[in-house]
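Asker: With the input below, show me the fold.
(chains A and B)
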2 protein chains.
Amino acid sequence: METTLVKQIYRDAESFGGKEVKVSGWVRTVRDSKVFGFIELNDGSFFKNIQIVFDESLENFKEITKLSVSSSIVVEGILELTPGAKQPFEIKARKIVIEGTSTPEYPLQKKRHTLEYLRTIAHLRPRSNTFSAVFRVRSLAAYAIHKFFQERGFVYVHTPIITGSDAEGAGAMFRVTTLDLRDTPRTPEGDIDFSQDFFEKETNLTVSGQLEAETFALAFRNVYTFGPTFRAEKSNTARHAAEFWMIEPEVAFADLEDNMRLAEDMVKYIITYVMENAPEEMEFFNKFIDTGLFDRLNNIVNSDFERITYTEAVDILKKSGEKFEYPVEWGMDLQTEHERYITEKVFKKPVFVINYPKDIKAFYMRLNDDGKTVAAMDLLVPGVGEIIGGSQREERLDVLEKRMEELGLKKEDYWWYLELRKYGGTKHSGYGLGFERMIMYLTGMSNIRDVIPFPRTTGNAEF
Amino acid sequence: METTLVKQIYRDAESFGGKEVKVSGWVRTVRDSKVFGFIELNDGSFFKNIQIVFDESLENFKEITKLSVSSSIVVEGILELTPGAKQPFEIKARKIVIEGTSTPEYPLQKKRHTLEYLRTIAHLRPRSNTFSAVFRVRSLAAYAIHKFFQERGFVYVHTPIITGSDAEGAGAMFRVTTLDLRDTPRTPEGDIDFSQDFFEKETNLTVSGQLEAETFALAFRNVYTFGPTFRAEKSNTARHAAEFWMIEPEVAFADLEDNMRLAEDMVKYIITYVMENAPEEMEFFNKFIDTGLFDRLNNIVNSDFERITYTEAVDILKKSGEKFEYPVEWGMDLQTEHERYITEKVFKKPVFVINYPKDIKAFYMRLNDDGKTVAAMDLLVPGVGEIIGGSQREERLDVLEKRMEELGLKKEDYWWYLELRKYGGTKHSGYGLGFERMIMYLTGMSNIRDVIPFPRTTGNAEF
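Answerer: Here you go, the predicted model:
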């Protein structure tokens, strides 16, 4: 007999009603009286459990009443529709086969556990309601992103993880090496002799695929990356991880306005897709994790995102009369408190802030005609602050080289990046979305460790 | 005026015929007489070029005739249908704006280049026909994989890239560290003091996400990974890279037969999706890269894959009378020559070989009742040999622990993996598909360096 998934039953109960079905899954609870009992069974395919009713006509009735939480079983029986009851249907078991038992020491008993505790059992936490919901949403959001870009003809490019170059000169990097650390080879000058390392040069884990993505944008026009990126920063906050996934679209013949339009469409698409495809999970988040979630997400989907310049933002903040921890001056980077004030208090919807001072932005951003700002854009959203950062890229070779000189970047390290400007360079733009930030935003989870299956942070690389 | 993509024009030329259009892209060739000229323009959205006709009525006519290959331009004009001509349509230019010039030193002039040379200009090679086709197919195949699994309700799980554990005890690993290599901290015993490293322990780049994926399969039932994996092996062959992407589905309540069915469905799905969505690119490969390609791919899509045991395979090989470089004996691993003989000469279609001797397979594969083979499966395909490797996993705690002891694996290193067998373990299965192998198979490209945007191999981490 073929196994039916619980999701199929929930989505189309009528057609299974009164029929024989076979399901398999893990026991979430068992209750019993002397002659009959109930099992809440989760089969992994669906957020909700299905109720199994069994009675002493089963030869292994006693054994079943004693099953520990998380035992795995295979059930055959009749699906009975129970309109009016708490559950819309239940399976009246004809046969229950115990596939794998569990023990009372099972660390995920049915009671409230702290998120901190659950992190220590990351191999089991996806079996809890919260993490079942988080990681299904994560999967659906990832797919929504691919779907969004592929439907628009974008080419997905796998930029390298191990890199010999440093994308932005920004962010501490992890060294990748096969040298024997106890006895590193040396040059005559006493430096490490990287010519003896695996790649015969210094290599690190990437902090961004952008520069490589640009090479593909100047061939395929519309491209995106979606892959892991790394920061070796010892910032032990709820928003930073050493390993996280990033989406970086890059579009040729696109200016900053096109870039913002793409980002706005993408954010709305992801939210809509997840709300439609994980209604039970989203309901759960809105009820138990963040009661303002639906309001916040609906507000985003239904808003036209605002666009203001950095200079306007600074004016607004200065005139606000608000006491900020960091007083605002033109030229400084906006802090989360400023970003949230603008998006939550002033506009009450997502806001693109554009044209930042060049001195606080990366070398590759396009210099505006005023000579002091660049065509950057940050997307600020209520509840979080910045969620996307991007820019139009500097396509003028002379301007780019001048900027690199100012910052002390060596031209020879970027020879291929510079060649993109020599051989048919075009106006082009792109942005980066931190995938985990998006998942936090979608779920209301407030710690990045709780939206990554096996998070890597300072002092933590378990599992 | 809105820009139209060349792909849109090719897919629906009729509706653009006689109308004003605007396109932008890169010049592939310019030919001219004194009073008019032709440009082959590629806009990145499509494999084929569009022909632009221009004449001396344009004020910058002279400049245009002198454009170097790869210059970027924006063209406005009328799309004229030219039935019967070599091209089905062309754009009669009213205006051509030069966006970015190029130079005669452009390293990708219109002539035959060797694949080896093109690897040295990996930032430009996607502009060539071959690599335009390869990397679009790569993108579509990646999407096909996500689509296949998502449509079946699988949860996509991002397993960690930086890992404190060694998935199989197999495969050399890259060290990840932030220690100062010139002055590594030491323990009193003189060993490296990894407690001072970023993660306060030894960490490496993952060789497989399987073990972590199993934890998710025992919660979500059907899961898959799709991410980068690494091998620090100095094997300088056409089939090995230090960094490559892998797909690893893992399914609870599934046995080896279910596993094979999933693999067969997946392979057929990927091929069908790419053939349907990149017909021009596939035509190109079949014509210029591998003239047997369509026959081979169609054969796969239309075959029921064969299933034989390892023992049967060895019998067939021994009785074949064939002279192999490595003579066959029961107990040895099959070499590519053996695999290809079986799939190409004997069955002439894809073959699953199952139940390999336990001594040549990984510790986690399920021991068969004969006590000497395990429930492993390799999928062999004509033209390549092995393309997928998988198994039913050992779910019996005692059997698994015994096997780990035999192999000298420490139980404490795998505590969480073992716990999956304590708390409601179930029968489960999975496999791994090397993404690049699949792309080589789909395109006929014979070197793995030519299907990865920026390949990493011994001594090579350029770009």
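
Asker: so A:Thr426 makes contact with A:Ala254?
Answerer: No: judged on C-beta atoms under 8 Å, A:Thr426 makes no contact with A:Ala254 at a distance of 9.1 Å. All C-beta atoms are positioned from the backbone trio N, CA, C, and that covers glycine.

Asker: Now do the SS call for A:Glu412.
Answerer: helix (DSSP: H, G, I helix; E, B strand; the rest coil).

Asker: what's the spacing between it and B:Met282?
Answerer: Per C-beta to C-beta, to the nearest Å, A:Glu412 is found 40 Å from B:Met282.

Asker: which of those two has more neighbours?
Answerer: Taking other C-beta atoms under 10 Å in any protein chain shown, A:Glu412 and B:Met282 do not tie; B:Met282 has more neighbours (23 against 7).

Asker: For chain B, see how far away the residue of chain A positioned farthest from its centre is.
Answerer: In chain A, counting by C-alpha atoms, centre = their mean, A:Ser57 sits farthest out from the average C-alpha position, at 48.6 Å. Separation of A:Ser57 from chain B (C-beta to the nearest C-beta, to the nearest Å) stands at 25 Å.

Asker: again with A:Val314
Answerer: Taking C-beta to the nearest C-beta, one finds A:Val314 at 33 Å from chain B.

Asker: can you pull out the strands in the stretch 101-250 of chain A?
Answerer: A:155-156, A:162-163, A:175-177, A:203-205, A:222-230, A:243-252 (DSSP state E, counting those that start in this stretch).

Asker: For chain B, which of those is the nearest?
Answerer: Of all the strands of the stretch 101-250 of chain A, strand A:155-156 sits nearest to chain B, with 4.1 Å by C-beta to the nearest C-beta.

Asker: Any residue of that closest one touching chain B?
Answerer: Yes: under the criterion of C-beta under 8 Å from any C-beta of the partner chain, chain B is reached by strand A:155-156 at A:155-156.

Asker: Give me the sheet partners of that strand and which way each runs.
Answerer: Using DSSP bridges, the strands paired with strand A:155-156 in its sheet are strand A:222-230 (parallel).

Asker: Up against chain B, what does the stretch 201-350 of chain A have?
Answerer: By C-beta under 8 Å from any C-beta, the residues of the stretch 201-350 of chain A that approach chain B are A:201, A:203, A:205, A:212, A:215-222, A:227-228, A:230, A:232, A:234, A:242-243, A:245, A:252-253.

Asker: Buried only: go through the residues you listed for me.
Answerer: Neighbour-count burial (16 or more other C-beta atoms under 10 Å in any protein chain shown) applied to these gives A:203, A:205, A:212, A:215-222, A:227-228, A:230, A:232, A:242-243, A:245, A:252-253.

Asker: In the stretch 251-400 of chain A, which residue sits nearest chain B?
Answerer: A:Phe253 (4.8 Å).

Asker: now the stretch 1-150 of chain A
Answerer: A:Gly44 (3.0 Å).

Asker: what are the bridge partners for the nearest residue to the residue of the stretch 251-400 of chain A closest to chain B once chain neighbours are set aside, then?
Answerer: Ranked by C-beta to C-beta, 6 or more residues apart in numbering or on different chains and with sequence neighbours excluded, the top spatial neighbour of A:Phe253 is B:Ser24, at 4.8 Å. Taking DSSP bridges as the rule, B:Ser24 bridges to B:Val74.

Asker: if I've got this straight, A:Glu99 is in a strand?
Answerer: Yes: counting by three-state DSSP, A:Glu99 is part of a strand.

Asker: in stretch A:128-139, what's buried?
Answerer: By neighbour count with 16+ other C-beta under 10 Å, stretch A:128-139 contains the buried residues A:128, A:130-139.

Asker: Adding pLDDT and distance to chain B, write those out as TSV.
Answerer: Putting the buried residues of stretch A:128-139 into TSV (pLDDT from 0 to 100; distance: C-beta to the nearest C-beta, whole Å) gives the following:
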residue	pLDDT	distance to chain B
A:Ser128	97	9
A:Thr130	97	12
A:Phe131	98	8
A:Ser132	98	7
A:Ala133	98	11
A:Val134	98	11
A:Phe135	98	6
A:Arg136	98	6
A:Val137	98	10
A:Arg138	98	8
A:Ser139	98	4
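
Asker: Is it possible to get CSV of those residues that adds distance to B:Ile388?
Answerer: Shown next, in CSV, are those (distance: C-beta to C-beta, whole Å):
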residue, distance to B:Ile388
A:Ser128, 33
A:Thr130, 35
A:Phe131, 30
A:Ser132, 29
A:Ala133, 32
A:Val134, 30
A:Phe135, 25
A:Arg136, 26
A:Val137, 29
A:Arg138, 26
A:Ser139, 22
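
Asker: Could you identify the most distant pair in those residues?
Answerer: Farthest pair in the buried residues of stretch A:128-139 (C-beta to C-beta) is A:Ser128 and A:Ser139. Separation: 16.4 Å.

Asker: give me the number of residues near A:Tyr106?
Answerer: A:Tyr106: 19 surrounding residues under other C-beta under 10 Å.

Asker: next one: the one 4 residues further on
Answerer: The tally of other residues near A:Lys110 (other C-beta under 10 Å) stands at 12.

Asker: can you pull the contacts of it?
Answerer: Shown in contact with A:Lys110 (C-beta atoms under 8 Å, 6 or more residues apart in numbering or on different chains): A:28-29, A:69.

Asker: go on, A:Lys95?
Answerer: A:58, A:75-77.

Asker: All set, thanks.
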